[in-house]
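Enquirer: Compute the structure for the input listed below.
(2 chains)
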Amino acid sequence: MLLSDTPAEADFRHRLREWLGKTLPELPAAPDPSDWPGRRDYDTAWQRRLFDAGYAGIHWPVDAGGKGASPSEHLIFLEETERAGAPYVGASFVGLLHAGPTIAAEGTPAQRARLLPPILRGDEIWCQGFSEPGAGSDLAALRTRAVRDGDSYVVTGSKIWTSHAEVADWCELLVRTDPDAPKHQGITWLAMNMDAPGVTVRPLRTLAGTTEFAELFLDEVRVPAANRVGEENDGWRVTMVTLSFERGTAFASEAVACRREVRELARVARANGAWDDLELRRALATLSAEFAALWRLVQWNVSEAASRGVPGAGGSVFKLRFSEARQHLYDLAARVIGDEALIEGPWTAQRLQGLSYTIAAGTSQIQRNIVAQRILGLPKGR
Amino acid sequence: MHFQLTEDQRALQQGMRELLTRGEPGWERLHDVGLFTLRVPEAQDGLGLGLAEAVLAFEEAGRALVRGPLVGSELAATLGRDTAEVVRVPARGPVLVPYLPELTWVLLLDLDGSLRIVPSAGLDARPAQAVDPRMPLWEITGPLPDGELCTAADADRLAAEATLLTAALQCGLAARALADAVDYARTREQFGQPIGAFQAVQHLCADMLARAELARVAVYAAAVSADSEEIAGAKLLADEAAVHNARDCLQVHGGMGFTWEAPVHLLLKRAWAWERAVADREHCLDQLAGHL
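Expert: So this is what the prediction gives:
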């Protein structure tokens, strides 16, 4: 068991730190969160800088234009960029972490050549059209219909929780092409151009008051059959293939950020007197131990994925504990700052945003089902 | 970075698991399998291994719920001494020594962090009625003898190692509680199906796995870093995993879990004892808060 960097990793970390130290001061100020075009420009400009410096698609395979970096190097990249306060992946998220890897694995040579380079350069932004009002945890129940008509599919339906839809060029879309097949077997994966006629984007206001997500309404949108990735009705498998790209690095940046936030909260507590409360102090200590261990679990999961090539049980365990620990952190912050917790501010914003963590990317309840049935081998109920 | 067990470490883990689960191992067998000499230098007939290997072995001892003064004897062996146990002088309540007649030494950890090595023969004590029927306790009645005072550096190191090895025992116990709960949930039927098919039971078990895995990784990492803050955090998580998992294991067993006959209560009672051993919850939390 080795926790320190190998010489090659130390060298990679050193060069990255140097580059970040040189580059970050040159960045413009971050845009207002409600300025979507400004956010797109900011996020794509950062992606372009990463591309020019050779850090774009660091975890992508080399033949897809990536760097083919080891999982450890990818983790170092996430750790160092977060520590240095570099921009978050932002609008490039779906392209770099889901749609891109899916096309790299399942796309035709023509699809790869057309769609992958603009993702790496920050020229094109992707959004995800998976969830629907009637298909949340039960994603395979999705009902957006696609009917073949000559060289195109004609798509009608609606999608929800689509981040960055306002500024996206492309949407990775799951549609139902065979309504009579068992639900996992009638789904197809399409790359839909967001400029196509019939696409309507409506911002969705969250309880935090922001419009992080959008709803997508599709009214007889024509998508060329050439934009189908994988076979017709094989979309469920195509989508799941990307999960094998998951190398334990999901939420790694956030895990680093939370360790910093615990220390920051301890500073706030010392400054305003909350630290004198033994219970609050010990609650902070509990979270400090939790996040330290969760970071070790990230390192464990990444090492496991590197040696076995597939993610192990640790990913679900991490997701479950991390989502809940983050919510505890912001609830504790509310106790530390007192009645300030009733006024808009950075900790309040985190607390509100944090309410999504046990819901997004698999609710904690679904996560527990997965752990119980797939890892512990408990039977499915009748 | 490669934070996974090596081939040798996996073999050690597997070997220990087989040896310790083959019936109740006596003290001789524990010696024979090398539980106490893993970290003793090869020149002194030990195995010359490190803290990580000791942690793996102790995790297996915890899983098998092995009785005896394990942690103190492992530390004593690194000092060239015979059977011992670590006893923390508590902030309140009696000073309790487990397995007293089996001990040659008591490693007495005081409130101020000092550590004294005291011959067990010099202690005035009377037997106490222990909650854990397999961990007999003696209550010190007379004054604590002076013994040999360790240097501050030795005291810190021994206290940290004792904390970590106890955390490793708790990790094994937490994993055992999970395995027993899952076994029972698969076979026990109610309402015409195994109780493990009910999501309410599945979610209990899923949380048990999350606790056991996070604690295990925390303990392994603390063994590699040997950092006292990380060790305190690992003990905290391992205690929580062991106690909470033993409770949930009991809950999954329903009425059977409340009987003397079913062994579930032994897991919980041992978890309670190890939770208080060397560094209890408050001690770990205050140590962690000191680093914030």
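
Enquirer: For stretch B:13-29, give the mean pLDDT please.
Expert: Mean per-residue pLDDT for stretch B:13-29: 89.

Enquirer: first vs last residue of that stretch, how far apart are they?
Expert: End-to-end span of stretch B:13-29 (CA to CA, to the nearest Å): 16 Å.

Enquirer: Repeat that for stretch A:144-152.
Expert: End to end - CA to CA - stretch A:144-152 spans 16 Å.

Enquirer: Map the structural domains onto the sequence of chain B.
Expert: B:7-64, B:77-150, B:153-291 (automatic domain parsing).

Enquirer: okay, those domains in TSV with mean neighbour count and distance to residue A:6 next?
Expert: Heads up, the C-betas are built off the backbone N, CA and C, glycines and all. Output for the domains of chain B, formatted as TSV (neighbours: other CB atoms under 10 Å in any protein chain shown; distance: least, CB to CB, whole Å):
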stretch	mean neighbour count	distance to residue A:6
domain B:7-64	18	18
domain B:77-150	17	30
domain B:153-291	22	15
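
Enquirer: how about the residue of the stretch 51-200 of chain A found nearest chain B, secondary structure?
Expert: Minimum separation of the stretch 51-200 of chain A from chain B (CB to the nearest CB) falls at residue A:72, amounting to 5.0 Å. For residue A:72, the assignment made with DSSP: H, G, I helix; E, B strand; the rest coil gives helix.

Enquirer: Tell me the helix or strand right after the lengthiest strand in chain A.
Expert: Ranked by number of residues, the top strand in chain A under DSSP state E is strand A:213-224. Using DSSP states H and E, the next helix or strand after strand A:213-224 towards the C-terminus is strand A:228-229.

Enquirer: How about the stretch 151-300 of chain A: which residue is closest to chain B?
Expert: Taking CB to the nearest CB, the stretch 151-300 of chain A has residue A:289 as its residue nearest chain B, at 3.3 Å.

Enquirer: and that residue, which of the three is it?
Expert: Going by three-state DSSP: residue A:289 is helix.

Enquirer: Residue A:241 - that's part of a strand, no?
Expert: No: under the criterion used here (three-state DSSP), residue A:241 is helix, not part of a strand.

Enquirer: and stretch A:291-309, average pLDDT?
Expert: Taken as a whole, stretch A:291-309 has a mean pLDDT of 93.

Enquirer: in it, what counts as buried?
Expert: Within stretch A:291-309, the residues scored as buried using 16 or more other CB atoms under 10 Å in any protein chain shown are A:291-306.

Enquirer: pLDDT weak spots in chain B?
Expert: Within chain B, no stretch has pLDDT under 70.

Enquirer: Quick one: the helices in it, in order.
Expert: Under the criterion DSSP state H, helices of chain B are mapped to B:7-21, B:27-32, B:51-63, B:70-78, B:152-187, B:199-225, B:228-252, B:264-276, B:281-291.

Enquirer: Mind listing residues that contact the fourth one?
Expert: Contact with helix B:70-78 is made by B:30, B:35-40, B:46, B:54, B:58, B:61, B:82-86, B:103-107, B:158, B:161-162, B:165-166, B:169, B:277-278, as judged by CB atoms under 8 Å, 6 or more residues apart in numbering or on different chains.

Enquirer: quick one: the helix or strand containing residue A:15 near chain B?
Expert: In this assignment (DSSP H and E), residue A:15 forms part of helix A:7-23. Yes: contact of helix A:7-23 with chain B (CB under 8 Å from any CB of the partner chain) involves residue A:9.

Enquirer: buried ones in that helix?
Expert: Applying 16+ other CB under 10 Å to helix A:7-23 flags A:9, A:12-13, A:16, A:19-20, A:23 as buried.

Enquirer: Send over that helix as CSV, restricted to the C-alpha atoms.
Expert: Extracted in CSV, the C-alpha atoms of helix A:7-23 (Å, rounded to 0.1, in the frame of the first residue of the first chain):
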residue,chain,number,x,y,z
PRO,A,7,8.6,9.7,-9.4
ALA,A,8,6.6,10.0,-12.6
GLU,A,9,3.5,11.1,-10.7
ALA,A,10,5.5,13.6,-8.7
ASP,A,11,6.9,15.0,-11.9
PHE,A,12,3.4,15.3,-13.4
ARG,A,13,2.1,17.1,-10.3
HIS,A,14,5.1,19.5,-10.3
ARG,A,15,4.6,20.5,-13.9
LEU,A,16,0.9,20.9,-13.5
ARG,A,17,1.4,23.1,-10.4
GLU,A,18,3.9,25.3,-12.3
TRP,A,19,1.4,25.6,-15.2
LEU,A,20,-1.5,26.5,-12.8
GLY,A,21,0.7,29.0,-11.0
LYS,A,22,1.5,30.7,-14.2
THR,A,23,-2.0,30.4,-15.9
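
Enquirer: Contacts for that helix next, please.
Expert: In contact with helix A:7-23 (CB under 8 Å, 6+ apart) are residues A:5, A:49, A:53, A:55, A:69, A:72-73, A:76-77, A:80-81, A:84, A:86, B:1.

Enquirer: Mind checking which of these are buried?
Expert: Buried among these (16+ other CB under 10 Å): A:5, A:49, A:55, A:69, A:72-73, A:76-77, A:80-81, A:86, B:1.

Enquirer: Out of the residues you listed, which two sit at the greatest distance?
Expert: Spatially, the most separated pair among the buried ones among the contacts of helix A:7-23 is A:49 and B:1, at 26.4 Å (CB to CB).

Enquirer: need the contact list for the most centrally placed residue in chain A.
Expert: Chain A has residue A:93 as the residue nearest its centroid, 6.0 Å off, counting by CA atoms, centre = their mean. Residue A:93 makes contact with A:163-164 under the criterion CB under 8 Å, 6+ apart.

Enquirer: Same question for residue B:41.
Expert: Counting by CB under 8 Å, 6+ apart, residue B:41 touches residue B:48.
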